[in-house]
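Undergrad: based on what follows, work out the 3D shape:
(one chain, ligands or ions: 4)
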Amino acid sequence: MASQFRPCFHVTVVLLSFTVGRSDISCRNEAGEPVDWFIIYKLPKYRIGEVGSGVEYMYLDSAVGSWQRSKFMLNTTQGAMANTLNQLYKGKAYLSNSSVYALYNDGPPEMKYIHTYGHTKGVLLFDHFQGFWLSHSIPHFPSFPERGYQYPSSGKHNGQTALCVTYQYAQFLSIAQQLVYVYPRFYNCSVPSVFSADLTQLLKLCEGSKLPLTSNRGVKPLFSVRGDKFVSFVKSELFVDDIYTGWVAQVLDTNLLVQTWQTQGRELPSNCSLPKHTMNIKRTRLPPSVQFQSHYDHSKWCVSQAYEDQVTCLGDLNRVKAQMSRGGGLICSYNPVIYKAFRQAVDWYISC
Ligand SMILES: *[C@@H]1O[C@H](CO)[C@@H](O)[C@H](O)[C@H]1NC(C)=O
Ligand SMILES: *[C@@H]1O[C@H](CO)[C@@H](O)[C@H](O)[C@H]1NC(C)=O
Ligand SMILES: *[C@@H]1O[C@H](CO)[C@@H](O)[C@H](O)[C@H]1NC(C)=O
Ligand SMILES: *[C@@H]1O[C@H](CO)[C@@H](O)[C@H](O)[C@H]1NC(C)=O
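TA: Residues are numbered from 1 along each chain as shown. Ligands and ions are numbered 1, 2, ... in the order given. This is a model prediction of the structure:
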């Protein structure tokens, strides 16, 4: 496994990225062009001093360099989210035997919540060459393949985040192993038989089986097509603790400022009991001057308090008691563009 991450692997990745063409499965930017990764921050409807439509969003990738207010709305078929997901919907990739897809959400569209699954939401779409992993916080999203791209009205009220990363095929084998810990609720997926030898676990998860685990947590580095490193932290429901305080802050060895959706009376307060601290963000500010309370923000992300540690994670779990006993994960990055965008977004947090 470790041999995959040797320097020669990076050279191969970089060379391959020059051959990536428009038709390859990839995260897509606002103009529909392939990108290594992008992040969307959907603004809440209720902000300080203004009321929005609930479908406006900020967009970030390495080429734009800092948050850009999108000229599109999330509930239309234009913009990075629809451009990316339309490879599944419009391309009819869901009918293909040469690509794998999986839609998962603890709150799927058109179906009820079931709390026995991981608290996690996302999309995988890839072929034998490459594809994307979209991890997001939006309930009841995205729609079933036959319905085409739709944005649910339940996803309008609160703030939401989405991280899309383009990976080569080999990385999806690692991603599938990580998902075993989380036990996502796959509400629609397909693992065609040509993939079943490589992706036995994903096939079983897709069929609704719960697989045995030898530990309750796992960490894996993932490398995007351009060679940018993302680190996946996942826990199963058997690791009963706050993922931020009890694990990730200590492993990253840095104090974290954490934005999650906390419902009154169930929140975990800022916590300075362990060597590395976890402090709740209460107010966020995105450029030029959009401010909102954490109470209206369903997104889940954290940043190192110290600028020199430069780490940002986006993920699945809120800092609330009930989610200590749910499967879920975080995807962390040391990318300076991502760090700057999120660290500057911290407007007010509670120290302890
Ligand atoms: C998108 O949402 C906005 C705000 O709720 C609404 O006014 C608009 O009609 C919606 N557009 C589509 C295409 O659904
Ligand atoms: C995919 O495989 C199934 C089962 O083997 C077959 O019925 C179907 O026609 C195939 N679809 C395509 C598009 O090749
Ligand atoms: C989900 O996926 C399968 C196969 O990919 C498809 O046949 C099925 O109709 C899909 N839709 C729903 C609503 O379950
Ligand atoms: C802080 O977090 C740790 C790990 O989750 C937990 O064991 C401890 O009880 C918490 N401390 C307080 C004061 O809540």
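
Undergrad: contact partners for whichever residue of the chain sits closest to ligand 2?
TA: With distances taken as CB to the nearest ligand atom, the chain approaches ligand 2 most closely at residue 97, which sits 3.8 Å away. (Each C-beta comes from the backbone N, C-alpha and C, glycine too.) Neighbouring residues of residue 97 by CB atoms under 8 Å, 6 or more residues apart in numbering: 192-194.

Undergrad: run the last query once more with 6 Å
TA: The contact partners of residue 97, by CB atoms under 6 Å, 6 or more residues apart in numbering, come to residue 192.

Undergrad: not counting sequence-adjacent ones, nearest residue to residue 203?
TA: residue 191 (4.3 Å; CB to CB, 6 or more residues apart in numbering).

Undergrad: quick one, phi/psi of the one you found?
TA: Main-chain dihedrals, residue 191, degrees, to the nearest 10: phi -120, psi 90.

Undergrad: distance of the residue of the chain closest to ligand 2 relative to residue 236?
TA: The gap separating residue 97 from residue 236 is 32 Å, by CB to CB, to the nearest Å.

Undergrad: and what of residue 219?
TA: In this view, residue 219 and residue 236 are 13 Å apart by CB to CB.

Undergrad: more neighbours: which of those two?
TA: Higher neighbour count among residue 219 and residue 236: residue 236, with 22 against 15, using other CB atoms under 10 Å.

Undergrad: for the more buried one, list the residues it contacts.
TA: Neighbour list for residue 236: 181, 213, 216, 327 [criterion: CB under 6 Å, 6+ apart].

Undergrad: same check on residue 155?
TA: Residues counted as contacts of residue 155 (CB under 6 Å, 6+ apart) are 138, 141.

Undergrad: which stretches in the stretch 1-150 of the chain count as helices?
TA: Under the criterion DSSP state H, counting those that start in this stretch, the stretch 1-150 of the chain contains helices at 7-17, 80-89.

Undergrad: can you tell me which of those helices the model trusts least?
TA: Among those, helix 7-17 has the lowest mean pLDDT, at a mean of 45.

Undergrad: which one is residue 267 nearest to, not counting chain neighbours?
TA: Distances taken as CB to CB, 6+ apart place residue 320 nearest to residue 267, at 5.8 Å, with adjacent residues excluded.

Undergrad: from memory the one you found sits against residue 266, does it?
TA: Yes: counting by CB atoms under 6 Å, residue 320 touches residue 266, with 4.5 Å between them.

Undergrad: so those two - more neighbours on which side?
TA: A direct count of neighbours by other CB under 10 Å for residue 320 and residue 266 places residue 320 higher, at 18 against 12.

Undergrad: give the contact list for the more buried one.
TA: Residues counted as contacts of residue 320 (CB under 6 Å, 6+ apart) are 262, 266-267.

Undergrad: do residue 152 as well
TA: 140-141 are the contacts of residue 152 under CB under 6 Å, 6+ apart.

Undergrad: that one and residue 132: what is the separation?
TA: From residue 152 across to residue 132, the span is 21 Å (CB to CB).

Undergrad: same question, residue 326
TA: Applying CB to CB to residue 326 and residue 132 gives a distance of 25 Å.

Undergrad: pull the residues that contact the lengthiest helix in the chain.
TA: For the chain, the longest helix by residue count, based on DSSP state H, is helix 169-182. Residues from elsewhere that reach helix 169-182, judged by CB under 6 Å, 6+ apart: 118, 120, 126, 128-130, 133, 199, 201-202, 211, 218, 220, 222, 232, 234, 236, 327-329.

Undergrad: in PyMOL, select just the buried ones from these.
TA: Here is the PyMOL selection string for the buried members of the contacts of helix 169-182, based on 16 or more other CB atoms under 10 Å:
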select buried, resi 118+120+126+130+133+199+201+202+218+222+232+234+236+327+328+329
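
Undergrad: returning to that earlier point: do me a favour and average the pLDDT over the longest helix of the chain.
TA: Rounded mean pLDDT across helix 169-182 is 98.

Undergrad: what about that helix, distance to the chain center?
TA: Here helix 169-182 is found 14 Å from its chain centre; the criterion is CA atoms, centre = their mean, to the nearest Å.

Undergrad: no further questions, thank you.
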